[in-house]
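Mind looking at a prediction? Sequence and model below.
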Amino acid sequence: MQPDVAKRLLDAHKAAGRIRDFTAGKNFQDFSQSELLRSAVERQFEIIGEALGRAAVADPGIVRSMPELPRIVGLRNRLIHGYDSVDDEIVWDIVTTKIGPLAAKLERILAEAGYSDY
């Protein structure tokens with residue numbers, strides 16, 4: 001794996017960890033009522049989408065390892081370009097059902113490539 005691709009995957013992994021940290025012990029009501037929390041989580045999703053999008057450009061094989069990558073980049077685009085129509089319930093669902101598996105998948109891909117300093 002190219003070092004720049006590994007860096008992008010590490011960036012995405014760190015952002016996923018931040019989302020988990022920010023939302024630990026929180027529920028949807030906490031999320032929906034806190035502009036600060038929503039903004040923080042959305043920013044980390046933007047980082048994940050941008051990092052994985054750049055990784056895929058540098059190494060198109062990443063998409064084979066992460067077939068959900070286009071949807072992740074799509075979420076990033078929606079948050080940035082469609083900010084006025086973001087559905088908090090959808091974002092919260094992604095937080096609670098997708099971030100853990102994404103972090104685990106990134107760890108696996110990085111470990112298989114010999115990177116374990118995350």
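Thanks, I have it.

In this protein, where is pLDDT below threshold?
Where the chain drops to pLDDT under 70, the residues are 117-118.

for it, which helix is longest?
Ranked by number of residues, the top helix in the chain under DSSP state H is helix 35-58.

Just the strands from the chain, written as ranges.
With DSSP state E as the criterion, the chain has no strands.

what residue lies at the spatial centre of it?
By Cα atoms, centre = their mean, the chain has its centre lying nearest to Ile48, at 3.6 Å.

Run through the residues that contact that one.
Neighbouring residues of Ile48 by Cβ atoms under 8 Å, 6 or more residues apart in numbering: 12, 15-16, 72, 76, 102. In this view, the C-beta of every residue, glycine as well, is placed from N, C-alpha and C.

Those into JSON lines, with extra columns for neighbour count and distance to Arg64?
Formatted as JSON lines, the contacts of Ile48 follow (neighbours: other Cβ atoms under 10 Å; distance: Cβ to Cβ, whole Å):
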{"residue": "Ala12", "neighbour count": "28", "distance to Arg64": "17"}
{"residue": "Ala15", "neighbour count": "25", "distance to Arg64": "22"}
{"residue": "Ala16", "neighbour count": "25", "distance to Arg64": "20"}
{"residue": "Ile72", "neighbour count": "22", "distance to Arg64": "15"}
{"residue": "Arg76", "neighbour count": "20", "distance to Arg64": "20"}
{"residue": "Leu102", "neighbour count": "21", "distance to Arg64": "16"}
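
Relative to Gly114, which of the residues you listed is nearest.
Ala12 (17.5 Å; Cβ to Cβ).

That closest one against Gln44, yeah?
No - between Ala12 and Gln44 there is no contact under Cβ atoms under 8 Å: 9.4 Å.

State the distance from the residue nearest to the centre of the chain to Gly100.
Using Cβ to Cβ, to the nearest Å, Ile48 is found at 13 Å from Gly100.

what about the helices in the chain?
Using DSSP H, helices in the chain cover 3-23, 28-33, 35-58, 62-65, 69-81, 88-97, 99-112.
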